[in-house]
Structure formats: structure tokens, C-alpha cells
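Asks: just need the structure, nothing else, for what follows:
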Amino acid sequence: MSTAGTAKPLDLTRYQDPATMLGILRSARTVAIVGLSSNTLRASHFVGFYLQRHGYRIIPVNPHETEVLGEQSYPSLLDVPLPIDLVDVFRASDAVPGIAHEAVQIRAKALWLQFNVISPEGIAIAEQGGLHVVVDRCVKVEHARHLGRMHWYGLNTGIVTSRRAKL
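Replies: Okay, the predicted model is just below:
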């Protein structure tokens, strides 16, 4: 029986370690969001807005935007003039290897691939470059989960109670 052409599936559990995610979230201050859109209906926009509201400096990286959420947008990571701690990716999986190369080149500390953004090649590039890697997880969801800001709407209401609201 030949196994040629059958690739072993990637074990994502090693890229979804809660301690690693929490460490990244606690240490990062500047987050480059690759694929950040000015369209308020896009997940990238909501994540960028959320991160800003929680004290992170966000840097939009999108060649089709000039400004998003009050921040100048850059065409690539190589064009960003300040140090980046975390590169958060909202792009198709086939774009990840190039993004990973740029993340290593700019000496980012971590590469975070959002839900359904999975690239074994990009993961390998980032790891070989010394970056922490998170795959198939949402930075907003993990921040809310690990830092106690989760609400069933996905927002922090600021109210802690065991009583249900009246309908």
C-alpha cells in the first residue's frame, strides 16, 4: 500500500496552548492586523476595535486601505516603521508563508492565525524564525476568555449578576 500523496494532518493542539496564548496577550502591546478592513461588518474590523478598546496599539496592514480605526494602514509588514509584538492574520491560508517571512524579518514576537487560517508552511517559517505561533483561534475570543471579559454577546457589559434581565 502506497502512502505517496497522503499528507499527515497537522495537529493544531500544539498551536492552541492556553498558556502560550495568555503569554502573548499579556506581553504584546502593538498588534499588526494583516487584512484589517474598514468595513465594520468584517470580523477583522470588530477584532481591531476590540483590541483598541482593551489598550493595544493596532496597526492596519492592508494595501487596499489608507486608514482604519484612526490608524494609518500600511501595504505590508515591511512598511510599518515601528516594532510589532504580534502579527494577527485575517488573510487566506495561501498568503501566510509570505506574511510569516515578513513577520520574521521585522522581528515580531508572535504570529496568530485566525479561525480557518491554517498554513503548515507559514507555521514552519514562523517557528524557524523564533516566533510563537497560534493557529485557528480568534485573538478577541481568547483575550475575552483568558482575561475575563467574555459576555454572551461578545462584549463586556460591566455588570456581574446572577439575575436575568426582564424581557
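
Asks: quick one: which helix or strand includes Asn116?
Replies: Under the assignment given by DSSP states H and E, Asn116 is not contained in any helix or strand.

Asks: for it, which non-adjacent residue is closest in space?
Replies: Distances taken as C-beta to C-beta, 6 or more residues apart in numbering put Asp136 closest to Asn116, at 6.7 Å, once the chain neighbours are dropped. C-betas here are computed from N, CA, C, even on glycine.

Asks: low-confidence ranges, the chain, go.
Replies: Within the chain, the set of residues satisfying pLDDT under 70 comprises 1-8, 148-167.

Asks: quick revisit: wait, what's in contact with the residue nearest to Asn116?
Replies: The contact partners of Asp136, by C-beta atoms under 8 Å, 6 or more residues apart in numbering, come to 12, 15-16, 113-118.

Asks: what's the separation between Val47 and Val104?
Replies: 23 Å (C-beta to C-beta, to the nearest Å).

Asks: so between these two, which is more surrounded?
Replies: Neighbour totals were compared for Val47 and Val104, and Val47 leads with 22 against 19 (other C-beta atoms under 10 Å).

Asks: give me the nearest residue to that one, chain neighbours excluded.
Replies: Nearest residue to Val47, sequence neighbours excluded (C-beta to C-beta, 6+ apart): Lys140, at 4.5 Å.

Asks: just to be sure, Gly122 is in a strand?
Replies: No. With DSSP: H, G, I helix; E, B strand; the rest coil as the criterion, Gly122 is assigned helix and is not in a strand.

Asks: how distant is stretch 82-99 from the center of its chain?
Replies: How far stretch 82-99 lies from its chain's middle: 8 Å, per C-alpha atoms, centre = their mean, to the nearest Å.

Asks: picking that back up, next, the buried residues of whichever helix or strand the residue nearest to Val47 is part of.
Replies: Using DSSP H and E, Lys140 maps to helix 139-146. Neighbour counts over helix 139-146 (16 or more other C-beta atoms under 10 Å) mark 139-140, 142-146 as buried.
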